[in-house]
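1. A predicted structure for the sequence below; I have some questions about it.
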Amino acid sequence: MKQHHDTTQQQQHPQKLSRPHRHRRRCLITVVTLLILLLVLSIVAVVLALTVFKPKQPRTQIQSVTVDGISPRFSFPNIDFQLNITLDLLILVENRNRASFKHGTGKSFLLYQGSQVGDADIYPGLIPARGSTTLPCRLTLQVDKLADDLNRLIRDVLDGKLVMETRTRIPGRVNFLGIFKKHIQATSECRFTIGFPDIKVQNQECKNEAKL
């Protein structure tokens, strides 16, 4: 009877786990918990990368174009026509991302009849998250590059309308929390008309694009 009673007590009160066994069990629980936590963090990071932190294209446009200086000059008896036109551009860059947009040195080109007749650098800078900034750019028409279109340029000036174009490129990078980095190049193309003799910009049309 006593032996049966001892067996019954052993069944009711199972032997406690040994110390090595308990240690392995805690390690297993810890490892599983860490794996689950890493999985959850990875899922959250992917969701944020595809939604909140998804890179958005900066909006770039010509805010204004003004003619700062123009100096047509004729010389006689040999007819020699020289025309220097300086344009002051204000380029508005809007950063739609929830992170700052750090841009490098940009470039703006002046074109007449599809040919490049001037260019200027745009200084690098930093645009805050969901912010915007205005970048100045000064372009001067280089008459020596108008060998094939000089006669047409003279006719346009005498007719009172000079149609020109600008193409602007601003490379940069968006950086989310130091983890998600994306290179972006914002571009804009504008076509505008300078009227004579008032020497003012009569109208302009701009098209914006960004390459991720």
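-> Received the coordinates, thanks.
2. use CA for all of it now, contacts and neighbours both
-> Will do.
3. put the alpha carbons of stretch 115-130 into CSV.
-> Provided in CSV are the C-alpha atoms of stretch 115-130 (Å, rounded to 0.1, in the frame of the first residue of the first chain):
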residue,chain,number,x,y,z
SER,A,115,20.0,75.2,-80.1
GLN,A,116,21.8,75.9,-76.8
VAL,A,117,22.9,79.5,-76.6
GLY,A,118,23.7,79.8,-72.9
ASP,A,119,23.9,78.0,-69.6
ALA,A,120,24.3,78.6,-65.9
ASP,A,121,24.9,76.6,-62.7
ILE,A,122,22.5,76.4,-59.8
TYR,A,123,24.1,76.2,-56.4
PRO,A,124,23.5,73.1,-54.2
GLY,A,125,21.3,73.3,-51.1
LEU,A,126,18.9,71.6,-48.8
ILE,A,127,15.1,71.7,-49.0
PRO,A,128,13.3,70.7,-45.7
ALA,A,129,10.7,68.0,-45.6
ARG,A,130,7.4,69.2,-47.1
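4. phi, psi of the residue nearest to G104 when sequence neighbours are not counted?
-> Using C-alpha to C-alpha, 6 or more residues apart in numbering and skipping the chain neighbours, the partner closest in space to G104 is P124 (4.4 Å). Main-chain torsions, P124, degrees, to the nearest 10: phi -70, psi 160.
5. check what pLDDT the residue nearest to Y123 when sequence neighbours are not counted gets.
-> In space, and not counting its chain neighbours, Y123 is closest to T105: 5.1 Å by C-alpha to C-alpha, 6+ apart. Looking at T105, its pLDDT is 93.
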